[in-house]
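K.L.:
turn this into a structure:
(one chain, ligands or ions: 1)
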Amino acid sequence: MKQIQTAVYAFVAIASGSVMLMAEPDIIVRTNVPYGNAANVRVQENGPVTEVRFTPNPHGGPECLWFCFQVCRSGARRAALGKQRLILECPETMLGGGQPGHFRPVFRPTKGNWERTGAPELIELPDGRRQAAWTFDMEKPSLDFAFSFPYGREDVERLVKQSGGYWRVDTIGVSQGGRPLWRLSNDYSRPKGNRAGVYLMARQHSAEVSGSWVLDGVLRRFAELGDAAPLAWAVPLANSDGIEQGDYGKDNFPYDLNRAWGKPPMRHEVLVFQQDIRRWAARCRPVAGFDFHAPGASETQGIYSFVSEARPEVSQEAKQWAVLMGEQLGAEFAAANFVRVAKYPSRWETPRFSTFFHEEMKVPSVTFEVPYAIVHKTVMNREQYQEAGRRIADAIVKQIKSLSTK
Ligand SMILES: [Zn+2]
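P.N.:
A predicted model of the protein is given here:
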């Protein structure tokens, strides 16, 4: 047990998102970076170490989770940062944050390549609060830090570019805040076509980035398979506003996106998606919908799935799909208890993506929950998430084949 001595320090908080230490060594923390999020930031010197303390900002949600910020030298001084100690305060206020020893955030020299941190040093305060700390000694003048590998518009653009023209990108509408909503497709040329079709989505909860890396792998695999893949339409960045603003975006107000799927829908984004799903269904033989998420912050038991119980005959079929997905993911990635029914207490008992698929499309839907950092004993990198996605893509193709021979 260790308590940090409170030193005298001075800082100013700037509403646009940075907190500046007024004395030497002029280190600042910026949250006005892509997907930026941090609250109650304090920078102070403690001997040769600069300590940066922060708490993830709930941005209006009941729990917090996501953080993303830059630590750098202000002004013209481009000296190396030196020894930094990043201290995450109040992890118990994060969704599923009860075991911060499982956190493995990511860091990079600004514009460099993201890497995982090691296990944190855990600090327990006398009143029972906990903290998690990581120490860095960087030669660089600027360091970025995030809860897990960020995934946004530039990653979608890279996927599209690297897929050599396989994916078309269209804007199907805008978000509540007026940002374009992108949908990727590999085929929409044939109205009333009979090609088996799947619809995929990620980031209804805006910070669930690990789900995005798995969807990225699914879409890359479909591009490799070419015509052997199903007709696929995908919305990779569903809660576009939340993503850009650095929101965690689960259960947040005014309305959790994945609880807004009633008719009529309770969010503009869902209105846009429902229209698009109806267009998709008119251009293929719909077989399934897939939605990619991330579970609580400390989860390490492997990737798992949720199947909706809406419309029992469709729910049965969805369970069969999910069983096959779990087999294809294998013990390396899948949780032992892979197929689950969403029965956890929810603040919002209103319809979800899966409910809409079962009730209106009358085809099965599977929701994936992809841990942010650790899967069993593996600290996941981006390629491993993409590999899990490739296996899901292969499972989809396999299941479509088996259905067509029945
Ligand atoms: Zn989610």
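
K.L.:
the ion contacts on the stretch 101-250 of the chain?
P.N.:
205, 208 (CB under 5 Å from the ion). For glycine as for every other residue, the C-beta is placed from the backbone atoms N, C-alpha and C.

K.L.:
so the closest residue to A228 other than its chain neighbours: helix, strand or coil?
P.N.:
Distances taken as CB to CB, 6 or more residues apart in numbering put V397 closest to A228, at 6.6 Å, once the chain neighbours are dropped. Of the three states, V397 takes helix under DSSP: H, G, I helix; E, B strand; the rest coil.

K.L.:
I'd say V397 and G226 touch.
P.N.:
No. Applying CB atoms under 8 Å as the test, V397 and G226 come out as separate, 11.4 Å apart.

K.L.:
higher neighbour count, the two?
P.N.:
A side-by-side neighbour count of V397 and G226, using other CB atoms under 10 Å, places V397 first with 18 against 9.

K.L.:
show me what contacts that one?
P.N.:
By CB atoms under 8 Å, 6 or more residues apart in numbering, the contact set of V397 is 225, 228-230.

K.L.:
export those residues to a markdown table and append columns for neighbour count, distance to N46 and secondary structure.
P.N.:
What follows is the contacts of V397, written out as a markdown table (neighbours: other CB atoms under 10 Å; distance: CB to CB, whole Å; DSSP: H, G, I helix; E, B strand; the rest coil):
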| residue | neighbour count | distance to N46 | secondary structure |
| --- | --- | --- | --- |
| L225 | 17 | 54 | helix |
| A228 | 10 | 59 | helix |
| A229 | 23 | 55 | coil |
| P230 | 23 | 56 | coil |
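
K.L.:
all the helices of the stretch 101-250 of the chain, residue numbers only.
P.N.:
Here the stretch 101-250 of the chain has its helices, by DSSP state H, counting those that start in this stretch, at 153-162, 209-225, 240-245.

K.L.:
how about the stretch 301-406 of the chain?
P.N.:
Under DSSP H, counting those that start in this stretch, the stretch 301-406 of the chain gives helices at 312-333, 353-356, 382-404.

K.L.:
on that earlier part again, nearest to L122, out of the helices of the stretch 101-250 of the chain?
P.N.:
Of all the helices of the stretch 101-250 of the chain, helix 209-225 sits nearest to L122, with 22.4 Å by CB to CB.

K.L.:
how about the CA coordinates for that closest one, as PDB?
P.N.:
Listed next in PDB are the C-alpha coordinates belonging to helix 209-225 (Å, rounded to 0.1, in the frame of the first residue of the first chain):
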ATOM      1  CA  VAL A 209     -12.800  -0.300 -30.400                       C
ATOM      2  CA  SER A 210     -11.800  -4.000 -30.000                       C
ATOM      3  CA  GLY A 211     -15.000  -5.000 -31.800                       C
ATOM      4  CA  SER A 212     -13.900  -2.700 -34.700                       C
ATOM      5  CA  TRP A 213     -10.600  -4.500 -35.100                       C
ATOM      6  CA  VAL A 214     -12.500  -7.800 -35.400                       C
ATOM      7  CA  LEU A 215     -14.900  -6.400 -38.000                       C
ATOM      8  CA  ASP A 216     -11.900  -5.000 -39.900                       C
ATOM      9  CA  GLY A 217     -10.600  -8.600 -40.100                       C
ATOM     10  CA  VAL A 218     -14.000  -9.900 -41.300                       C
ATOM     11  CA  LEU A 219     -14.100  -7.300 -44.100                       C
ATOM     12  CA  ARG A 220     -10.400  -8.000 -45.100                       C
ATOM     13  CA  ARG A 221     -11.200 -11.700 -45.400                       C
ATOM     14  CA  PHE A 222     -14.300 -11.100 -47.500                       C
ATOM     15  CA  ALA A 223     -12.200  -9.000 -49.800                       C
ATOM     16  CA  GLU A 224      -9.700 -11.900 -50.200                       C
ATOM     17  CA  LEU A 225     -12.600 -14.400 -50.900                       C
END
